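**Q** Need coordinates for the below:
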Amino acid sequence: MTQTEPSGARPRSLWDQFTVLGAARGESSTTRIARRMLVLGGLLMSAGGVIWGVMAISFGRALAASIPFGYVALTALNLTAFARTRNFRAARFVQVFISVLLPFVFQWVLGGFLSSGTVMVWSMVSLIGAMTFSQLREALVWLALYGALTVISGLLDPMLAASVPFAASSTTRIGLLVLNLLMVSGIVFGLILFLTADRARAVASLETAVQRNEVLNASLASEVDARGAQLSELQALQGTLQTRSEELSASLARLHTAQAELVQREKLAALGQLVAGVAHEVNTPLGVVYTAVTMSLERVEELEASLVTGTLPKRQVLEIARALLDALRIASTNAKRAASLISDFKRIAVDQTSEAEQAFELRSYLDAVVQSLSPMLARAGVACAVSGQPVRLVSRPGVIAQIVTNLVQNAMLHAFPDGESDRRVEVRCRAEPEHAVIEVEDHGVGMTEEVRRHVFEPFFTTKRGAGGSGLGMHIVHEQAYNALDGALELDTAPGQGTRVALRIPLRPQAGTMKAPGPA
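**A** Numbers count the residues shown, from 1 in each chain. The predicted model follows:
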């Protein structure tokens, strides 16, 4: 167990100041008791030194008095240094050394055992401290030093008693001996009581700490049990979450599959609308051709009947011939128009279903795409013009046709409010050093910032229930980035129209253009 002296509280008395003398942060209880014992022993022996110094002066032995006074001075210096350095081992060594040696020296100066009243018994105070708080080896060294000094004192005693007689009666010397024994015994007993009390306090503190530790252990055990229960709940919850996660993963996979099917259906629906529009548009020229051919047949039959009867004048023959020529010209023109529509539709339809890479000229291809959309544009009252210079590239014309078709259809559905007379869509193309750029721009209502942020998300539409599926612009985004390895730029603002720019490579880079498939 480790304890420290209180550092924040101010000592309340002189003794409190001495008990914290030299205290170090984190010192053990054993070191604290030893440090207090050192300070207390030094103070008690210093008090005895003062008494002995005064007595020596009163007996006329001023030189001898310098030894106990010197002990007091050395003790003061040692404790002062200890307070500054907090070096307990050094302070203890110095204090024990002077406490063992100087009483013997004082005894020698006074004339030996009897003349001094056996002052060397004061060394026992430091010896008890050394034996109590030093390691066994160090205690034996101090005991050996004390024994050696005792033997030397015995050998020198006759000579000291003869050469340095202490001018005092035997009664005085006996009184001094009794005084020494009583004082030293009292000091030793007091130190033992102090040691016992301090150790009792340490034991009590240890028992309190043990009890507190038991309480903490019990609390920790309860906490561990609670944590164990929580861990079991978490594991059960983790299993539930794992099951739920697997279910969500399966649902997400089904959702992706359904989304891919919806996108593919949307593509086919766009192609279906194109078929319906072309079929409606082709009906008109074919009807004109049928009418012209029928009329021509009637005039030919009329000419044949007149020739049989021989009653046909030259003027009537010329009229029939002119009517036939006009009908054939009308039929030829409309037949060519129908053939052109069917050819453009066939080209666009084949491209949209194959999505194969091929070399082609972009401007003329955009003309064909817009021509195939002309029936829908005509019904919506929207004018669509194509402009730009010829651009040669190698790409997937079917994907480009899908993108342009979806952009034009999106403009037809969303850009122009009811009653709007200026319904114009422009399709432009141009070449850059490494890219071809296709721009589809309408002059309609534009988009708000909220719509612009979500326009390429799947199933987002502002015309829910009015013809909008929410997949047209999503298909544009997926096809532009995944199938063409291109990029889209959207420029729009409320009331300013919408411009979508598609930038694609003039030549596909190896490994960059992905295989065609559902967006």
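**Q** What is the longest helix along the chain packed up against?
**A** For the chain, the longest helix by residue count, based on DSSP state H, is helix 170-309. In terms of contacts (3 or more Cβ pairs under 8 Å, 6 or more residues apart in numbering; DSSP states H and E), helix 170-309 is packed against helix 29-58, helix 113-116, helix 123-133, helix 314-354, helix 362-372, helix 374-380, helix 397-414, helix 472-478. (C-beta placed from N, C-alpha, C; glycine too.)
**Q** could I get the second one in PDB with only the CA atoms?
**A** Included here for helix 113-116 are C-alpha records, laid out as PDB according to Å, rounded to 0.1, in the frame of the first residue of the first chain:
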ATOM      1  CA  PHE A 113      32.200   5.200  31.600                       C
ATOM      2  CA  LEU A 114      31.900   6.300  35.100                       C
ATOM      3  CA  SER A 115      32.900   9.900  34.800                       C
ATOM      4  CA  SER A 116      30.400  10.500  32.000                       C
END
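**Q** distance between that helix and the chain's centre?
**A** In terms of Cα atoms, centre = their mean, to the nearest Å, the centre of helix 113-116 is set 84 Å apart from its chain centre.
**Q** mean confidence for it?
**A** Helix 113-116 carries an average pLDDT of 78.
**Q** Tell me which residues touch Ile152, please.
**A** Counting by Cβ atoms under 8 Å, 6 or more residues apart in numbering, Ile152 makes contact with Phe104.
**Q** what pLDDT does it get?
**A** 92.
**Q** repeat for the one 4 residues further on
**A** With respect to pLDDT, Leu156 scores 88.
**Q** tell me the most buried of the helices and strands packed on helix 170-309?
**A** Mean neighbour count (mean count of other Cβ atoms under 10 Å) peaks for helix 397-414 among the helices and strands packed on helix 170-309, with a mean of 24.
**Q** Quick check: next helix or strand after that one?
**A** Per DSSP states H and E, helix 397-414 leads on to strand 424-431 as the next helix or strand towards the C-terminus.
**Q** the inter-axis angle of the helix or strand just after that next one versus strand 424-431?
**A** Counting by DSSP H and E, the next helix or strand C-terminal to strand 424-431 is strand 435-442. If you take axes from the mean of the first three to the mean of the last three Cα atoms, to 10 degrees, strand 435-442 sits at 170 degrees to strand 424-431.
**Q** any idea how far whichever helix or strand comes after strand 435-442 is from the chain center?
**A** Scanning forward in sequence from strand 435-442 by DSSP H and E, the next helix or strand is helix 449-454. Distance of helix 449-454 from the chain centroid (Cα atoms, centre = their mean) equals 31 Å.
**Q** returning to that earlier point: give me the angle between the longest helix of the chain and helix 397-414.
**A** 90 degrees.
**Q** tell me the mean pLDDT over helix 170-309?
**A** 74.
**Q** so it versus helix 29-58, what angle?
**A** 150 degrees.
**Q** Okay, now the unreliable bits of the stretch 351-500 of the chain?
**A** 351-355, 419, 459, 463-471 (pLDDT under 70).
**Q** and if we set it to 50?
**A** Regions of the stretch 351-500 of the chain meeting the criterion pLDDT under 50 are absent.
**Q** CSV for the helices and strands packed on helix 170-309, including distance to Leu155?
**A** Shown next, in CSV, are the helices and strands packed on helix 170-309 (distance: least, Cβ to Cβ, whole Å):
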stretch, distance to Leu155
helix 29-58, 24
helix 113-116, 12
helix 123-133, 17
helix 314-354, 127
helix 362-372, 127
helix 374-380, 136
helix 397-414, 121
helix 472-478, 114
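**Q** Am I right that Pro494 falls within a helix?
**A** No: assigned with DSSP: H, G, I helix; E, B strand; the rest coil, Pro494 falls outside any helix and is coil.
**Q** Tell me if I'm right that it and Thr448 touch.
**A** Yes: the pair Pro494 / Thr448 is scored as a contact, 5.7 Å apart, by Cβ atoms under 8 Å.
**Q** report the angle between the axes of the longest helix of the chain and helix 362-372?
**A** 70 degrees.
**Q** gap between helix 170-309 and the chain center?
**A** Taking mean C-alpha positions (Cα atoms, centre = their mean), helix 170-309 and its chain are 14 Å apart.
**Q** Show me what stretch 176-189 is in contact with.
**A** Counting by Cβ under 8 Å, 6+ apart, 41, 44-45, 48, 55, 114, 116-119, 121-122, 124-125, 128, 168 sit against stretch 176-189.
**Q** same thing but 7 Å
**A** Leu44, Gly48, Gly117, Thr118, Val119, Val121, Trp122, Met124, Val125, Ile128 (Cβ atoms under 7 Å, 6 or more residues apart in numbering).
**Q** Those into a markdown table, with extra columns for distance to Arg86?
**A** Converted to a markdown table, the contacts of stretch 176-189 look like this (distance: Cβ to Cβ, whole Å):
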| residue | distance to Arg86 |
| --- | --- |
| Leu44 | 22 |
| Gly48 | 27 |
| Gly117 | 37 |
| Thr118 | 36 |
| Val119 | 32 |
| Val121 | 32 |
| Trp122 | 27 |
| Met124 | 28 |
| Val125 | 24 |
| Ile128 | 24 |
